[in-house]
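> could you work out the structure for the sequence below:
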Amino acid sequence: MLALLFILFAGMAVGCALSMVAQRNPLYSAISLIGVFISLACLYVTLAAPFIAAVQVIVYAGAIMVLVVFVIMLLNVEEEERQPVRLRTLVPIAVALAAVFFAETAFIIFFVQTSPATPTGSVSDVGLTSSIGTGLFTTYLLPFEITSILLLMAVVGAMTLARRGGLIGANVGVVPGYQSFAREVLDPMATTDLTQVEARTSREAEELLGVSDSPHGHDEG
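Take a look at the predicted model:
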């Protein structure tokens with residue numbers, strides 16, 4: 001029964017992975033990647049590792065994929081247009097690498113399982129919640145605490161960078177230097193006059209736009 005479930009979930013993972021690569025819409029690719037993560041979580045359950053399966057769903061299929069989908073929607077990535085392949089040598093290289101991958105998989109399935117060095121017996125309790133918790137708070141307590149400190153440093157660094165980016169207030173206007181204006185922009189009465197008026201410095205641009213603190217008059221020349 002476990003062998004059938006393993007084949008089923010492994011086929012689902014491979015199918016979702018192929019769909020992720022074949023999709024031209026990045027959002028559909030991200031959804032297919034979620035299917036890969038869920039299939040891997042099911043495989044972990046069949047291998048008696050429920051804690052790793054839960055982490056796979058919560059962290060990868062949950063938090064990481066929410067971040068990926070958010071970035072895709074924020075960048076407004078559209079569907080990729082199919083273009084001719086520039087480097088045609090990549091196709092045979094990809095086929096050769098895929099053949100090597102399948103050869104390694106076949107070797108592991110048919111030869112490693114029959115090797116006398118392969119341990120036999122019941123499944124270990126390595127992936128169980130109790131064993132992982134015991135290892136984290138005894139043998140691996142120091143690396144666990146160092147990882148938490150690194151995450152805290154990353155949060156503090158992100159907050160510092162975000163505060164540095166807000167030095168200019170929301171109500172402050174920044175006038176660029178060299179710029180060209182249409183006369184109808186500078187004079188509301190000249191609605192159809194598109195004559196270009198150039199400002200070579202920020203001071204000239206401020207005076208043309210009427211936002212300068214200088215006592216000089218409005219200069220349109």
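
> could I get the buried residue list for the strand or helix carrying F101?
Following DSSP states H and E, one finds F101 within helix 90-107. Using 16 or more other Cβ atoms under 10 Å as the test for burial, helix 90-107 gives no buried residues. C-beta: built from backbone N, CA, C; applies to glycine.

> tell me the mean pLDDT for that helix?
Helix 90-107 shows a mean pLDDT of 86.

> and after that helix, which helix or strand comes next?
Downstream of helix 90-107, the next assigned helix or strand under DSSP H and E is helix 129-136.

> and the contacts of the next helix or strand after that following helix?
Following helix 129-136 in sequence order, the next helix or strand is helix 141-164 (DSSP H and E). Contacts to helix 141-164, defined as Cβ atoms under 8 Å, 6 or more residues apart in numbering, come from residues 136-137.

> next, the angle from helix 141-164 to helix 129-136.
80 degrees (axes from the mean of the first three to the mean of the last three Cα atoms, to 10 degrees).

> can you give me the buried ones in helix 141-164?
Buried, per 16+ other Cβ under 10 Å, within helix 141-164: nothing.

> go on, stretch 6-18?
9, 12-13, 16.

> next step: these restricted to helices.
Among the buried residues of stretch 6-18, the residues falling in helices (DSSP state H) are 9, 12-13, 16.

> which members of the residues you listed are the farthest-apart pair?
Maximum pairwise distance in these, criterion Cβ to Cβ, is 10.5 Å, between F9 and C16.

> just checking, next helix/strand downstream of the helix or strand of the chain with the lowest mean pLDDT?
Least confident helix or strand of the chain, by mean pLDDT, DSSP states H and E, is helix 183-186 with a mean of 66. Note on helix 183-186: by DSSP H and E, the next helix or strand toward the C-terminus is strand 196-199.

> mind listing what's buried along that following strand?
197, 199.

> domains in the chain, by residue range?
1-79+126-132, 179-209 (automatic domain parsing).

> and L18, how far from M12?
11 Å (Cβ to Cβ, to the nearest Å).

> correction: S32
According to Cβ to Cβ, S32 and M12 sit 11 Å apart.

> show me the shaky parts of the chain.
77-86, 112-127, 162-179, 181-195, 200-202, 205-206, 208-221 (pLDDT under 70).

> repeat the analysis, applying 90 as the threshold.
Scanning the chain for pLDDT under 90 picks out the ranges 1-7, 21-30, 44-56, 58-94, 98, 101-221.

> using the three-state scheme, assign I72.
Secondary structure, DSSP: H, G, I helix; E, B strand; the rest coil: I72 is helix.
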